[in-house]
Structure formats: C-alpha cells, structure tokens
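> Please find the sequence and the predicted model below.
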Amino acid sequence: MSTDTIERAVDQRTYASYARPLLWRVIATREFAVLALLVAVFLYSRSSIEGFDGPLTLYFLFGRSLPIMLLALPMTLVIITGEIDLSVASTMALTGAVLGIAFTEWDLPFVMAMVVAVGVGLACGLLNGILIAYVRLPSLAVTIGTLALFRGLAEGFLGTDTIKGFPEKWTDLAKQATSEGGSYPIVLIPFVVLAVAFGLLLHFSSFGRGVYEIGLNDEAARFTGVDIARTKLVLFMLTGAVAGLAGVYQALYAGVIRSDSAIHLELQVIAAVLLGGVSIFGGRGTLPGVIAGVLLIAVLNSAMRLDGVRDDVTDIIIGCLLVASVIAPTLLTWVSGLARGRVRRTTDHPSTATAPPTPSK
Amino acid sequence: MSTLDKTPTAPSPRPARPARAGSSVGQLASDLLRSRELAVLVVLLALVVVATIKSDGFLRGDSFRDLLLTPSILLMLAAGQTLVIITRNVDLSVGSTLGLCAYGAGEIMSAGHSPYVAVVGAVVLGAVLGAVNGTIIAFGRVPALVVTLGTMLAFRGALLHWAGSDRVNAAEMDPGFLDLGTARIVTIPVLTIIALVVVVGVGYYLRTSRGGRELYAIGSDPDAAGLFGLPVRRRVLGAFVASGALAGLAGVFFAARYGGVSSNAGENIELQAVAAAVIGGVAIFGGSGTVWGAAIGAFLLVTIDRVLPILGVDDFYQQAVVGGLILGAIVLDRFLAHRAERRLARDREVTA
Amino acid sequence: GCGSDDDGGDGGSGGGSSKITMIPKSLGNPYFDASTAGAKRAAGEFGGKVDEVGPTGDAGPDSQVPFIETATQQGVGALVVSANDPTALCDSIKTAQSADIKVVTFDSDTECRDLFVSQADAQGIADKQVELIAKQIGDTGEVAILSAAANATNQNEWIKLMKANLEANHPNIKLVDTVYGDDDDQKSFDQTAALLQAHPDLKGIISPTTVGIAAAARYLSTSEFKGKVALTGLGAPSQMKTFIDDGTVTEFALWNPDDLGYLAAYAADALVKGEITGKEGDTFTAGDLKKYTVGANGVVVLGDPFVFDKSNIDDFKF
Amino acid sequence: MLELADVTKSFGAVQALRSGSLRVEGGSIHALIGENGAGKSTLVKIVAGVHRRDGGTFRFHGDDVDFGSTAASKGAGIAVIYQEPTLFPDLSVVENIFMGRMPRGAGRRIDRAAMYAEAQALFTRLGVRIDPRRAARGLSIADQQIIEIAKAISLDASLLVMDEPTAALSGVEVDRLFAVARSLRDEGRALVFISHRFDEVFDLCDQVTVMRDGAYVGTHAIAETSVPALVAQMVGREVGTLFPKTEAEIGEVVLEVDGLDSRGTFHDVSFQVRAGEIVALSGLVGAGRSEIARAVFGVDRYDSGSVRLRGKAVRPGNPRAAIRAGIAFVPEDRRQQGLVVDSSVAHNIAGVIRRRLSTAGLLTTHAENRAVRPWASRLEVKTNALDMPASTMSGGNQQKVVIAKWLATEPALLIIDEPTRGIDVGTKAEVHRLLSELAGQGLAVLMISSELPEVLGMADRVLVVCEGRITAELDRAEATPETVMAAATGTDLADVHLEHDTALVQEVTA
Ligand SMILES: Nc1ncnc2c1ncn2[C@@H]1O[C@H](COP(=O)(O)OP(=O)(O)OP(=O)(O)O)[C@@H](O)[C@H]1O
Ligand SMILES: Nc1ncnc2c1ncn2[C@@H]1O[C@H](COP(=O)(O)OP(=O)(O)OP(=O)(O)O)[C@@H](O)[C@H]1O
Ligand SMILES: [Mg+2]
Ligand SMILES: [Mg+2]
C-alpha cells in the first residue's frame, strides 16, 4: 500500500467533509457511526433479548470488560502515533504474577504488593518504550517479542501455582457495586477519572497535539520541535502502568492469579480501539469513539451470550466488524473515485490505449 | 520516500557492501561472517551439540527423527510468512488457516475420500483464505496487521462453528496418510523432505525470478514500486495466496503428524511463524531477508523447546526465551544496519 | 469476505423448573461430549432441559465466568460445572447461588458449590493408576506424568496422591518428570516426544487425562518406543481402541463420563426440586443408576474407576 | 510524437496544471522550462501515467492515450527520469536498473551475468564507475541520479523524459549525459529535458517550451530565442521588480557555526550570520546545503564542530533546544517537513508556540486561534481558512503558513530552505519582500536556494557549497553567476561559460 495513495484518499475525505456543513461533518465521523451502532445494538438487546434488561447485565458487562476499557485508553494514544503494543495482555499476566508473589512469598503488605506490581507494569512499558523510541525498532516486532517474553516470565514465576487468598476487603472492592444490587461497579469511578485524564491529555494538551502530529507526519513533527522519542517513551510507559493496574484488577476480580490470566486480551483491546475509529496508520481517532467501540464489543458479547449464540459466532462477527471498519473509508473513496473517474473518461477522452506488455530484452 | 531513506527506522539486516575491487574470496568470507543465516545456524548446531553431550538420548533413533520432523509444520508457515513480510506486510491468520485446512483434510478423509483429494482440498482451501486476506489488503489498501488480525478471529470462529466439539480421530483418517506423518527416506522424515523442498522452491523463486525480486522491491519502497509501475497489488495478493496455501499444506502435515484434529489446531502458532522469520533475519519492514534464514529460525525455535529441559531450564520459561530471541534478533539487525550506515558514510567520504 | 449466522439455543425462560446449564471445562472435548450427552439423557427422563455452553478453548482461569454470569442473568434452575479453577469461579458462583440457582460441580470441583459429583474418590483414582503402571513396568524404573493444564484442579490433586503412593509403596519406581499438555493434542503429543528425548531410560508414562493419553498413545504407536514404554492413565475407550488393538497400550482406567453427566444432572434436578439440600446423608434416585447418598462435605461418588483392556474395550462406545 | 493540449490537473485545492500543452517531434530534444512550481513535473508525471489528467488531450504516436499506470506508459515506449530518484534501497544497483524486465536465461531464471554485462556497458557509456553489485542504499544523490539515467536509457524507449536530471551532477557527468542524449536524438528518438540552467538548455536543446503557473506560455526554436525573452515569459512581468532587497544595517553576530562536520555529508563548515543580514547557501542540489541547515537546527546530528547563537552554544541534535535558542527553520519540503498537511491551518501555525499557549497544561482551540490570528493576517493567510486542513491550500499559501508558524516564535535567526520552491509568482515576490523586510528589522536570515537569480538578488553574502565543503564566500559585489558556478562545480573560473545566465542575472538585478 503506497502511503501517498493513502494520503490522497485521506485528502479526498478531508475535502469532502469540509465541503459540507458542520452538523453533517459531525454525523459523518466514524465516532458517530460507532456510537450510533452501540446505541442501536443496546436498545435492540434491551427490547428483544431476554434477561438483558436486568440490573446484572450492565454490572457483569462492566466488571468483565474493565481491563479492556482501561487498556484501550493508552493504546489509543499509542496507535494514534502510528505504533502498536501487542504486549499488554502479557504485561497484565506478569504484573499479576508479581502481585501474587510479592504478597504471598515476600509477605509485603497488600498495598505495597500492588504498588510493586504496577511498578513492574511501568518497567515493562519502559522496556518497550526504549526499544521502540530510542533504539528505533519497529513496535510490531518489539511487542511481539515482549508479548512472548512477559508471558514467559509469568509462566516461569508461577509455574503450576494458582495464587489466591487476597484480602477480602480488596477483592470485594473490585466487585462492589455503587449501590446495593446496582448496575455500576465502584471500579468504574477510577476508570472514569482515568478516561477523563487521557481525554484531556490527548485532546486538550500540547502533548496530545504532538501525538496526532507524530501519527500524521512524524518528520514534520520533528521539524516543529516535537520530541518524538520522548513522547513515544511516555506513551509506552503509560500503557505499561495501566496494564499493571488492569492486571491487579483482573487478579482481584477473578480472586486468583494464574500464568494464563488475560491471555489474548491484547487482540480484543486493539480490535476495540480500531473499531472505535482510530486509524492504524496513526493520526486519526478520538477517545470517545474508542470507548464507544469497547462498549460495542462488550454489549455484543453479552447480548449474544444471553441469546445462546456460541462464542465462535461472536468471534466471526467481531472479526468481520474489525475488517469492515478499516476498509470502510478506503472503500468509500474508491467508490467515489470510481464514479468520478467514469464521469471524466466519458467526457474527456473516448478512447483509451491498452498498453502492450513491457518488452523484455 | 523520494530519496533513499537514510532514516534508521527501516532496518537493513543485509548491509550494503561498499565497492571493493574484486576480492571475491575475502568478500565471501566477510559475507558469511555478516550473514544472519550462518549466525542462527551456528546457534542451532551449538544447541544440538550441547544437548547431545548432556543427554545421550537426544539424537538417538526417533528423537533424531522428531528433531527433524517436528519443525516441518512451522517451516511451511515460516516460508509463507517470509513471502508476506518481505512485501512489508504480515499474516497473522496462518494459525487459523492451518486449523481450518487440517480439519478440512480430516473431514474429507473421514468422508471416505482418498488422501490425495484431502491434500489438494486443504491446499486449495488455504489458498482461498489467503486470497481473501490478499484481496482485502492489496485492493482495500488496508494494513495487513489489522486485516489478518480480523481474519484470524473470523477463520478460527468459522472453524469452531464448523467443527463444534467434533474432532477428527486417527481412526477416521487413511492409514497410509497417517504413515506419512512418520515415514522416512534414509532416516530423513518425508514431511521434512517435503518441507525442505518447499523452502528451497520459495528460496529459488525469491532469488532467481523477476517476481521474487519484485517482492523485495515492493517491500523495500512501496511508493517507488508504484511509481515504477510494478504490479504491486498482484504481487502482494500472490504473496498472501502463497502464504495461505502453505498454511494449508501445513494443515495437512498437522493432520498426518498428530493424527487428530480438533477446533484448536494451530492456535497461537502464527506468532511463532513471525518469530521464526524475524529471528532468521527477515526485516519486519520488508525488503530484505531470506527464506533460508526463516527456515533456520523455525528449526531453532522448535529445537530450543526440546533442548531447554535437557539443559535444566524450567520449561515454563520457554516462552520467555523465545521472546528474548526475537528481541535479540531485531536489536542485532538494528546494530548491523547502524554499522553499515557509518561505513557507507565513510565510503561517500573517500569517493567524494 | 466472511458471513455469519447465529444459531444456538433460546435464552432461559424463567427459573423454577429443572432448567440446567451445563458448563464443561471447554467445548470440543469428547469426554465432556459424553458427559453432556448423559446429562441430556437424564433431563429427557426427569423432564428438564439441559443447555451446554462453555469456553471454546481454554482462555484463563476465569474463562468460564461469563457463562456462569450469563446463566445467572437468564435465571436458570441449576448449573452443572466442571471447574477450570477451584477459586476463580467462586464469586460468580456465589452470585448465582444468591440468585437461588443450584450449583453442582462434576469431574473437577470448586470450593463453593452445593454438590460435587465425583467420578470416583481421588484416592481411588490415584491408586488405580499407580497400580496399573506398576504392574506394566514390573514395579521398577523411571516413570513420568503427562498431565492436562498446569492448573487443572483434579489432575493436580491426583498427581499429589500418586506421588505419595509411589514413595510409600513403590521404592523402585522413580517419578522423573511431570509435563503439561494443556489437553491440547499437539502440545500433549510434542510433550510426550520431549519426555522420551529427555529421559532415554523412561519405562512408563501416566496420563491422567483423556486428551493426553490419546495423544501420547498416538506418538508411541508411531515411534520405536511402541510396546517398550508403557502408557496408562485415564482414557476414553473410543479414542484408545486403536492403541489397545495395536498393543501400544495394554490397560487404562476411566469411569463412564456419560454416567457422570447423567448422575450430575439428576443431582442438580434433585437440588432444584428441593429433594436434597446437599448436606451429608441426603439421598436421591438417579434414574437407572439407582440410589445415591451424599457423602461428607457434599460429595457424591459415581463409583470406582473401571479398567479397560483388550477383553472389554469393544463393549464401550463413549 | 508526443502531443499534450490544455491538460489540467489539481490536487485538492492546488491547481497544479491549468492548461499544460507540449508538442515534441521525434529526433529532437525539447526543453521544458518554468519557475519552480510551474507544473513541469506534474505534466511529466501525467505523461508517465503517475497522475491521471483531469482534462485536456494527450496523444502519443498520433493516438489518444490515457495511461492508468506507469507500466502502461513504459509499455507504450516512454521512459521517464523523475525529479526525485526512486530507487529500492535494499536491492542492488543492477537490480534497480533492470527491475521488472531482468534478462532471463534457462528456466526463466534471471541471468545475472548478462545483467552485469549490460549494466557495465551502460556505465561505461555514461562514463561512471559504480559497483553494480552494491546495494542502492546510501548512494549519493548524484549516483542515484546516474542510476536513474542508466535505467531510463536502458529501456531504449522512443520518448525519454528527464526531469532536472542534471540538478545534482557535476560538469563532467553532465557532458557525458548530453553526449548520450544527442546520440539518442540522432537515432530519431524524442527527448524532453527539464532544467533550471539556461546554459544547459541552450547547449543541448532544439526547441523550448515555457510554462508559467501551470499553463503553457509558448514554444520556440532555441536558435530564435534569447534568455531575456524566455525569462520574461517564465516570470510573466518586468523581471527587475522581482527582488526588492532593501539595504539593512548589519548588526552583531547572531549565528556562529564553527568547524561543523558530518561524515559523508559535509566537512569543516564554518560561517557567521549577523543581525539584519541575508546569507545565502548556494550550490548544486545534493551539495549538502540542506544537511548543513538541518544540522544547525538540530534535526540531524553532526560529528564535530559547534553551533552558537548570540554567543551561547546550541545543544546539538535537538530542534527544541534550537527553537528555544531562537532559531526558526522553514524546510525545503513543505508538504513533508514544513506542514502537517492533514491538520488545520491554525494548528499548523500554532505548532511551535502552542506549548506557551496552554494554561494549567490545558490547550484550547480558542486560545490557539487568538494567538494565531495576528500572524495569519500579517501574512495574508485567509483567516476564514484557519480551521481547514492545510492540504486544501495552494503551494503559495502553504508556504505562507509555514513562515507564519515560524515568525510566531519571534526568532533571532531564520533559516529558510528553498523559500520559493513550488509557489506562484505573486507569492514569490511577497516572500522576497517579507524576507528583506524582516532583515531590515534586524532578523538574521540564512537562505538556501537553487535559483541563482534569487541568490544573487537577495543575499548580502553568498556561501557556495560543493560536495559538502564551503568552497567560496562571496560578498554582494563579488557574487556573479560565473564565480558562484565555478565554486559550486569545483571548476576554475576560466572554464565556466555562462553568458546566458549572466545575461539573465544582469536583467534581474538591473
Ligand atoms: N501531489 C501533490 N499534491 C499537492 N500539490 C502538488 C502535488 N504535486 C505537485 N503539487 C503542486 O503543484 C504545483 C506544481 O508542482 P510541480 O512539481 O509540477 O512544479 P515544477 O515545475 O516541477 O517545480 P520544480 O521546478 O520545483 O520541479 C506546485 O504548487 C506543487 O506544490
Ligand atoms: N537519501 C540520501 N542517501 C544518501 N545520501 C544522501 C541522501 N540525501 C542526501 N544525501 C547526501 O547528503 C548531502 C546533502 O544532500 P541535500 O539534498 O541535503 O543537499 P542540498 O544541497 O540541500 O540539495 P537540495 O538543493 O535538494 O537542498 C549530499 O552529499 C547527498 O549526496
Ligand atoms: Mg519539478
Ligand atoms: Mg536541500
């Protein structure tokens, strides 16, 4: 895929949207589409899927997808800079393992253990960040490597052990609802705080502007004094730290730690982020869209399970949604381009010479 | 990229050689020394030697056979992956494709058809799935990473949906076909021989055919390739079809070797395939690397799994070792590329 | 490039009746196919309904949680679970119980259920397998264990008991290694190969899991070790027949998973109907399996493990 | 043979071609000239099938054509040397030359021996020594250009289009190229030759077509035209008014570069720029001027030497430090380096100063717009365009945005690389006026330009760069096309014959 053709596609999209009035511009965005889809699916499920309207639905839904929601926040920024982090789930497992070991074997007070665990997450992010931002290695390769490395360390540390028996007050906290029997776990509060923080960072700060510029054109960003390496390092460290938090939460929510905790979660996170309208080429996407994307997947999962649809079917649907969500823009420009092209050819030049094959000498 | 990028972000594991007046021998030597293939091969052999010293059983009879036999599946996938990565793409769906094809082959046989039908069927199915990826990527101009991530989910889902909790057992498969899983020609397992033939074929194509060189060109600079008028889309599509077909063949191997296929066949093997290529010196950003390297990388990955326990490394750490290998490999590439740049700068010096 | 059609059962229509959701460790395992079949058979008899859901492929300790939660939302009558993890499921199970859903575990237990339907008491299973391997290798030499997932509750329990037994009663048998095949054909197969490579003097392998023993047998049957290295453990006759016939395996044990599911379903039904509460001494009738009594801490034992060999293998279809 | 009439092409809002026309006969070399951004390359790319024309007619060998791809144009017998080299860094030099049509031997297998032989033949014909086996990565711009040429002639096409092939070449290489070009002409092929150097045009070509602002102006037989006439057509008005350089009084030293050295790119570069002074870096394309500027600004690292601004050392390899020190840098490639074309004009102009604009770490569009407006209006960037993506603006306006962005930082030194490349004549004059105005206000300006007239017109001092070394420092009086060219090509004054360009420059600076 040649970047300049992509650029052209992008340009066309920009012109198209800027030709139209503001309202239409808003409606035409990916974010809006995802949000609309989310609302539609939600309302449909409420009305016609039995058991979906109970209070437990949302409670379970949030409790279960909180790690994905958390990880999606920093992942959004990472992908907007045009990088990717496949190692988040492994980082979760590793931090979980360390949490368990710190608590059970080193007998640290649980709070300390949690701090250590999150610290380990941060360190994982640091490793990724240094290799990607300063050694300038492709993030895809690096994080495939660390995906295996971190998971492997977790497996090595834990082996066959299952660590359990965390302080009641913490495990309960992880599952407590805001009100008795309510639909909203308390842990949503820290999530909302984080979400707002990341939102401000991305959309209302010079740093965030830099993040977009790096994704759109890192060379130009460098020429305007954006410190690309540092920005990326910070983002990967944030990702690591949040993965640490998610790992701790996961451990408390499940009540146990095993080396295979959160396995393959990274794919769901990335799927959600891309579905939420973030361009894998970087430079495009918003946090609200991403959150809508995460919830969309969560609601689909929950609704289809309630409806007795097997997970494999859900996987097929989510896989297709993902592919669809990325080809949609190119497909549109292609179609419109095709239309324009046909017009031009008919008007301008009746005959088009078909070229003979290249002479090989 | 209008001029040749000097930006270090694109690693060049195969560092450019300065113009040195005909010193073919010395050239060859220094080449070998710099050659990634050789380096990985040395590591591989070292492992085998050490393991043999530590455990006399390591190379005895069937153990030796397995040492050659087990990598054959990953070998297929790595070869396909190489084709794809060289064009600056990646195929994460090979694991699911393998699964579908393996199960397909099994079903065909348990439906009473001849194993030949099964083999052809599996390969064709693989090619079709590859074509799905290739078409979306080449014509939809969307990143392979995302698309194959999506199809990885979708294909696996399709398999689970198709197979449900059914599995193909050894009993349902043609005995002759199952024997293929272990048959040997002068101590070399047949599957390994086939795999090596495929690898050689791919290597030969990449090295000596126009198409092959065009794949490198496309990965080296997609924009230039377009400007140059290379059939970028056709080639990329081709690479994915090939990758799919090879995954299909790998599926056949899987069925023959393990004599049982359930819906989780080939899960998570895609990362190993990518790892094998990367460890073997195929630049993840395309344009350079050889299928030989990938093949050796595949052997290394599988062998390490076997050697570590013998070396007393807790086999729970195997994943970690693999991860370390990948990181080591790309860091090495980076380092070599950097050295190459400095040398080139010096060359411009003297020619200037 | 891909389409999808959603089939699958209907959601639960109200609680009360014996509407049972069966959650095996994972879908796609013949052993659990059999147990589910048994449960459905039972439901047919007592006029309840059994739906099977579950994770497709093992994905972590809490991979079964969503299904328990979903069942809770649907307000089914009872859950029949083979637990992937003894602890991870507990919170969701508690939630289910607080929604007045009865929870029966079978095959693999958790710390928090109303009833555990055990295939045979752990000690019995462990002793049986040790006895078999001892017999087959003449009570002397190196043996290894090929287990399922490293965290599998019941496997780990049995392994613990087997180790104890070996040390106590079989001084000449040396347990040299324990490896994990994750109930995955390929992994189990390769692990077997690795075992034989790492321990050239290995005399026997115990695989207390149906997937594992089948894969191991498959490897042995294709290798020079066929007949030289003994293999026993817990296997499904349908999968093992070939290997009994070709002499790779002489004897292995199992209970009838179909009966296990059958019994579990009846137990669940009894709980739902209030005939039993799960306390020691409760008795209920499980269809043509006759009468069962709840033992200490809510365990119902199906019976002793059954040993399969050339003579009887053909009489079983599961 | 080739016939283009009223061809139009626009990229988004940029109308690159309004009505491009070109008529080329077989057996002739046809010059295509015009100022930067006149649309020459775009026309070429349409001939090559890179871009598709929006309108107009395009005939080749008499029949209408519409090449959908470069493969198609190649197949039809058109060879093109693009302005920017397009090589595959990972492949060897020969593979680059024969990519897509490598000679094949037994079993459709690439015949490397034959390939090397052919390559050698080509290189000897061009009189160069490049190892055909080495990888293309890291070749000098000049070598890259040679390989492009070899590639093109090896196609033995009936039409050969060369877009500024000589821009990076030295005298000898140019002569070789011309010899080859002539022999091709005598074989009856048609050649299109684009250059900014009149002497090359007059030396080599038979006809010349002039373009201005994306439109055809006129075609003449070389014999019947003169530089002033052509220039008048290129520029479209009295040239004398082009460079209104007002004298400013020179202040204290602002920039002090000492012994700057970057292996393989430039060596031992030392110079000063004073307040109120415009210093020009001149030389061939690829001489290393941009690299020097980049090193000073810190986007590239350098191996040794020092950069001081107002006496204080500037931390190397760190644009941020340079910006803080008071350096502004308008780079040569607007769309790649100068702008983030996909983000809004406001965001672009605020790009550098935005860090100062955020209150309590928060940055609001409102604050941005407020800060941006004065600069937008000062450079006459339509303020209603502030929230449009920069990509929707014309080259000239884009350049204004870049300049606005940097002026907003209120710098002490302005480095401006190719200030007027690819922008329309009107804006060009504005930019020049602005530059001398700024100098007048005491700003130190370091200008890089490939256009002699611009250099000689604007600069108080000219530093000539040749193969990475400063080979001459000429003040306004000494700087003439001859002296500059001599230093730029490393030939000695006597061998430089530039009566045409001299004529042009006298015209201009009169
Ligand atoms: N891909 C593109 N997208 C947007 N604008 C473009 C593109 N290519 C060219 N332009 C604009 O079209 C105009 C003509 O560009 P072109 O390169 O044809 O000029 P030129 O005559 O070749 O200039 P030069 O002498 O510097 O090569 C310029 O304003 C340029 O900015
Ligand atoms: N992509 C590249 N690969 C190798 N060498 C390069 C590359 N780009 C530039 N160089 C070398 O670096 C030096 C400076 O090139 P550069 O294009 O910056 O010179 P310049 O005078 O600024 O040309 P321009 O007139 O285009 O600005 C030259 O020696 C050139 O050979
Ligand atoms: Mg041009
Ligand atoms: Mg330059």
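Great, that's in hand. Ligands and ions are numbered 1, 2, ... in the order given.

> Could you say which helix or strand holds the residue nearest in space to the middle of chain B?
Closest to where the C-alpha atoms of chain B average out (CA atoms, centre = their mean) is residue B:78, at 0.9 Å. Per DSSP states H and E: residue B:78 is located in helix B:71-86.

> ok, the residue nearest to the centre of chain B - contacts?
Residues near residue B:78 by CB atoms under 8 Å, 6 or more residues apart in numbering or on different chains: B:273, B:276-277, B:280, B:291, B:294-295, B:297-298. No exception for glycine: its C-beta is placed from N, CA and C like everyone else's.

> following the helix holding residue B:78, which helix or strand shows up next?
According to DSSP H and E, the helix or strand after helix B:71-86 is helix B:94-110.

> what's the spacing between whichever residue of the stretch 351-500 of chain D sits closest to ligand 1 and ligand 3?
Taking CB to the nearest ligand atom, ligand 1 has its nearest neighbour within the stretch 351-500 of chain D at residue D:395, 3.1 Å off. Distance, residue D:395 to ligand 3, using CB to the ion, to the nearest Å: 12 Å.

> One more: residue A:217?
Distance of residue A:217 to ligand 3, computed by CB to the ion: 21 Å.

> isn't the residue of the stretch 351-500 of chain D closest to ligand 1 right next to residue D:37, touching?
Yes. Residue D:395 is within contact range of residue D:37, at 5.5 Å (criterion: CB atoms under 8 Å).

> more crowded one of these two?
Neighbour tally, residue D:395 and residue D:37, criterion other CB atoms under 10 Å in any protein chain shown: the higher count belongs to residue D:37, 26 against 21.

> Can you name the next helix or strand after the one helix or strand residue A:33 maps to?
Using DSSP H and E, residue A:33 falls within helix A:30-48. Using DSSP H and E, the helix or strand that follows helix A:30-48 towards the C-terminus is helix A:55-80.

> now whatever helix or strand comes next after that following helix against helix A:55-80, angle please.
Proceeding N to C from helix A:55-80, the next assigned helix or strand is helix A:88-104, under DSSP H and E. Interaxial angle, helix A:88-104 versus helix A:55-80 (axes from the mean of the first three to the mean of the last three CA atoms, to 10 degrees): 110 degrees.

> CA-only coordinates of helix A:88-104 in PDB, if you can.
Output of helix A:88-104 as PDB, limited to C-alpha atoms (Å, rounded to 0.1, in the frame of the first residue of the first chain):
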ATOM      1  CA  VAL A  88      -0.300  -5.500  27.100                       C
ATOM      2  CA  ALA A  89      -2.000  -8.800  28.000                       C
ATOM      3  CA  SER A  90       1.300 -10.400  28.800                       C
ATOM      4  CA  THR A  91       2.200  -7.400  30.900                       C
ATOM      5  CA  MET A  92      -1.100  -7.900  32.800                       C
ATOM      6  CA  ALA A  93      -0.200 -11.500  33.500                       C
ATOM      7  CA  LEU A  94       3.300 -10.600  34.600                       C
ATOM      8  CA  THR A  95       2.100  -7.900  36.900                       C
ATOM      9  CA  GLY A  96      -0.500 -10.300  38.300                       C
ATOM     10  CA  ALA A  97       2.200 -12.800  38.900                       C
ATOM     11  CA  VAL A  98       4.400 -10.300  40.700                       C
ATOM     12  CA  LEU A  99       1.500  -9.100  42.800                       C
ATOM     13  CA  GLY A 100       0.800 -12.700  43.900                       C
ATOM     14  CA  ILE A 101       4.500 -13.400  44.600                       C
ATOM     15  CA  ALA A 102       5.100 -10.100  46.400                       C
ATOM     16  CA  PHE A 103       2.000 -10.700  48.600                       C
ATOM     17  CA  THR A 104       2.300 -14.400  49.300                       C
END
